[in-house]
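Novice: Pasting a predicted model and its sequence here:
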Amino acid sequence: MSSYFGSRSESRTEILSALGRFGALVVLIIVGSIVSEVFLSSRNISNIITNASVMIIMGVGQTIAIITNGPDLSAGSIMTICAVVAAILVKTVGIFFPVAILIALALGIFLGFINGYMIAKVGIPSFISTYGLQWAVFGFAYVILRGYVIYDFPANFRFIGNGYLFSVIPMPIVIMVIVVITGIFLLNKTTVGRCLFAVGSNSVSANMSGVDTSKTVFQAFIISGALSALAGVVLIARINAVQADIGRNYLLPVIATVFMGGTSPTGGQGTIIGTVIGAIIITIVQNIMNLLAVPSVWRDAIIGLLIIVTVLVDIIVKKRISNIKIATV
Amino acid sequence: MRSVTRLLKKVPPVLWVVLAMVVVFSCFSKNYFTIRNLVVLLQQGSVLLVISAAATFVIISGGLDLSLGAIMTLSGVIAALAVNAGLPVPLVFLAGALTGSLCGALNGTLIAVADMKPFIATLGVQGVLYGFSLALTNKEGIHVSNETFIFFGDLVNRFIPMAAISCAIIFIAAIFVQNHTLLGRYTFAIGGNAEGAKLSGVNTTFWKWLVYVFAGFLAGLGGVVLVARLEVADPIVGTQWEFEAIAATILGGTSMRIGKGDVQGTIIGVMLITIVRSGLNVIRVPSVWQPAIIGTTIIISIVFQVWISSKKEGV
């Protein structure tokens, strides 16, 4: 159940692209194990999944935004400012950490609300409004923190980033799994999820059949804002430091993650499981780049190229299949 | 009297904001409303005007180009390398323009031929292009010192704004393309009704492709002038420029939905952004605050502009 209006050719496309993703994953794992002997070590694997967790938490929000309306290009900046605020509350002000996290989440929700307002009420396309908001938000993060780095947070706050549940499972993975399960449930089993898909595939007809489209858009971007905030908090608790551009390198990979997961750029179609696989693929690519010591200047370029190639392959596959369908009819 | 009010109603709301800001900043500093400062403003705003013209073309055609800042940056880097390799100045400009056009051709191929969504294609290309400019410069600025080259961006005798003059020439060429060529006409046609244009025999794929090539060409030339003005090619100088260019376009009254607008209107948007930026220095806002204030001002003014124009259009 990934599309609200599914059809047979669509499900065939989905099976094909799912196979493609799985193939890419297998190839990458083989490449990784050839490139370096530490790649398949349990430590590296747990590292990959823990790193992917932050990306997945953000990716779930991004997937929901893209299914409903369009990309949330402010995700990296929301992550940054919420992380900065949480860090200051925990470290400098010394607030009890759950309160600090709640405040950070509230800030994420607020920024998501602004995105929703610009998109649903004013009518600015999401790729312009969210892209624009990010510069203002990065600006404020810089105002708060200047060029400084805040590091060494209290142990209880750090637990959510580097602690272990039952002293086995890393906390970021626990949080990620909760987010993923909640997301899947929300998308597939609730009215809200139905509305998200309906608005994404055809906003006009959704509106006519009684869906409150603007409310749905608000919901999508609020979810994305909140999850970006959560990802930011988990990230800084894990790496134990924050600076004013921490989220800058997350936007491209997260967008890549979502499209790699097979979510349609035109909206109305996508799965969270796909995003999870996409995030693992991207994290493995980054991991291999680390192991190979690829110069940092090329990393964004490689991720950018991956986005283009993924979407391109997707388009070509879909065209092929629709041609075959026409030929058989 | 009635004709005066009618004329006043025609003035875009953004222009009132611009005027109000000039008045406010003039009150704060007696050096603000001077010819000297005007010349400096022209120098500072001119390259943005060229990039914004590129953005306007793309947006009129119903598209979007998030890679313009990166194209500008990479073209500037190539130009700086060309200057330092001892190439004659006309060839340097040609190299920059060619780099820009090639990047634009890549965007155009992905969007017009392969049918990718503009924001995805140009976001991906943005990442790739910054990779190239960072790698080519080794993450550091490349200084240029060739006198003839620098002349084209210099403030000659601290009075003649050559960057503004160079950019004005490019900008006038862009207006000419918009008004008197097939490319200009089809840009509006595709933005207004791509399906209709296609049915009436326009090769929409080709012209859409050419719009991105032309935008890249403009951004490339802008990048060369910027390097001549700053005397250095910085590998990440274009960060955020694409957004300011899009913002200037929208503030200038170009609609994102119906293929309406013009390159000339974009001047007002560029004026607003440039005046806010310079004004913050005039009223001595600390530099840490400036990105936040500029970002907020731009986003709020876009919201107002879109809000007002959608009320007018009755959408």
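Specialist: Done, it's in. As the structure is a computational prediction, the values presented were derived from the model and not from experiment. Numbering: from 1, shown residues only, chains lettered A, B, ... in the order given.

Novice: How about the secondary structure of the closest residue to residue A:158 other than its chain neighbours?
Specialist: Closest residue to residue A:158 apart from its sequence neighbours, by C-beta to C-beta, 6 or more residues apart in numbering or on different chains: residue A:237 at 5.1 Å. Any C-beta I mention is one placed from the backbone N, CA and C, and that applies to glycine too. Here residue A:237 is recorded as helix under DSSP: H, G, I helix; E, B strand; the rest coil.

Novice: what does residue A:40 give?
Specialist: Put simply, residue A:40 is coil when judged by three-state DSSP.

Novice: so how far is residue A:25 from it?
Specialist: Here residue A:40 is placed at a distance of 14 Å from residue A:25 (C-beta to C-beta, to the nearest Å).

Novice: who has more neighbours, these two?
Specialist: residue A:25 (16 against 11; other C-beta atoms under 10 Å in any protein chain shown).

Novice: The more buried one touches residue A:277, doesn't it?
Specialist: Yes. With contact defined as C-beta atoms under 8 Å, residue A:25 reaches residue A:277; the gap is 6.5 Å.

Novice: and residue A:31, what pLDDT?
Specialist: At residue A:31, the model reports a pLDDT of 85.

Novice: what's around it, how many residues?
Specialist: Residue A:31 has 15 neighbours, counted by other C-beta under 10 Å.

Novice: Please give me every residue in contact with it.
Specialist: Applying C-beta atoms under 8 Å, 6 or more residues apart in numbering or on different chains to residue A:31 gives the contacts residue A:288.

Novice: SS state for residue B:116?
Specialist: Applying three-state DSSP: residue B:116 is coil.

Novice: For it, which non-adjacent residue is spatially closest?
Specialist: Residue B:116's closest residue in space is residue B:110 (C-beta to C-beta, 6+ apart), at 4.7 Å.

Novice: how close does the one you found sit to residue A:255?
Specialist: For residue B:110, the distance to residue A:255 - C-beta to C-beta - is 15 Å.

Novice: Which one's more surrounded, these two?
Specialist: residue A:255 (29 against 24).

Novice: Alpha carbons of the strand or helix carrying that one, in CSV - could you do that?
Specialist: Taking DSSP states H and E as the definition, one finds residue A:255 inside helix A:251-260. C-alpha atoms of helix A:251-260 as CSV (Å, rounded to 0.1, in the frame of the first residue of the first chain):
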residue,chain,number,x,y,z
LEU,A,251,19.9,18.7,3.0
LEU,A,252,21.3,17.2,-0.2
PRO,A,253,21.7,13.7,1.4
VAL,A,254,18.2,13.7,2.8
ILE,A,255,16.6,14.7,-0.5
ALA,A,256,18.7,12.0,-2.1
THR,A,257,17.5,9.5,0.5
VAL,A,258,13.9,10.2,-0.3
PHE,A,259,14.2,9.9,-4.0
MET,A,260,16.5,6.9,-3.7
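
Novice: residues in contact with it?
Specialist: Looking at what lies outside helix A:251-260 - C-beta under 8 Å, 6+ apart - the contacts are A:21, A:24, A:55-56, A:58-59, A:62-63, A:66, A:71, A:73, A:75-76, A:134, A:265, A:270, A:274-275, A:277-279, A:281-282, A:286, A:300, A:303-304, A:306-307, A:310-311, A:314, B:120, B:123-124, B:127.

Novice: same check, this time on stretch B:14-29
Specialist: If you take C-beta under 8 Å, 6+ apart as the criterion, stretch B:14-29 is touched by B:32-33, B:251-253, B:268-269, B:271-272, B:275-276, B:278-279, B:282-283, B:301, B:305.

Novice: So which of those are in helices?
Specialist: B:251, B:268-269, B:271-272, B:275-276, B:278-279, B:282, B:301, B:305 (DSSP state H).

Novice: quick one: which of those has the most company?
Specialist: Most crowded among the ones in helices among the contacts of stretch B:14-29, counting by other C-beta under 10 Å, is residue B:269 at 32 neighbours.

Novice: Just the buried ones from the contacts of helix A:251-260?
Specialist: Among these, those buried by neighbour count (16 or more other C-beta atoms under 10 Å in any protein chain shown) are A:21, A:24, A:55-56, A:58-59, A:62-63, A:66, A:71, A:73, A:75-76, A:134, A:265, A:270, A:274-275, A:277-279, A:281-282, A:286, A:300, A:303-304, A:306-307, A:310-311, A:314, B:120, B:123-124, B:127.

Novice: What ranges does the chain have for its helices?
Specialist: Defaulting to chain A. Going by DSSP H, chain A shows helices at A:8-35, A:42-68, A:75-87, A:97-116, A:126-145, A:155-162, A:171-189, A:191-201, A:203-208, A:213-239, A:251-260, A:272-291, A:299-328.

Novice: that answer is for a different chain, and I need it for chain B
Specialist: B:2-10, B:13-28, B:35-60, B:68-84, B:89-108, B:118-137, B:147-151, B:162-180, B:182-199, B:204-230, B:241-251, B:266-282, B:290-313.

Novice: So for the first one, mean pLDDT?
Specialist: Meaning helix B:2-10. 69.

Novice: now the fourth one
Specialist: Rounded to a whole number, the mean pLDDT of helix B:68-84 is 94.

Novice: How about stretch B:139-155?
Specialist: 86.

Novice: which residues are in contact with it?
Specialist: A:297, B:39-40, B:43, B:77, B:80-81, B:83-84, B:89, B:92-93, B:161-163, B:166, B:224-235.

Novice: I'd like to know which of those residues are buried.
Specialist: Among the contacts of stretch B:139-155, those buried by neighbour count (16+ other C-beta under 10 Å) are A:297, B:39-40, B:43, B:77, B:80-81, B:83-84, B:89, B:92-93, B:161-163, B:166, B:224-235.

Novice: how deep is residue B:196 tucked in, by neighbour count?
Specialist: 12.

Novice: check contacts around the residue lying closest to residue B:55 once chain neighbours are set aside.
Specialist: In space, and not counting its chain neighbours, residue B:55 is closest to residue B:245: 3.8 Å by C-beta to C-beta, 6+ apart. Contacts for residue B:245 (C-beta under 8 Å, 6+ apart) come out as B:48, B:51-52, B:54-55, B:68-69.

Novice: Much appreciated, bye for now.
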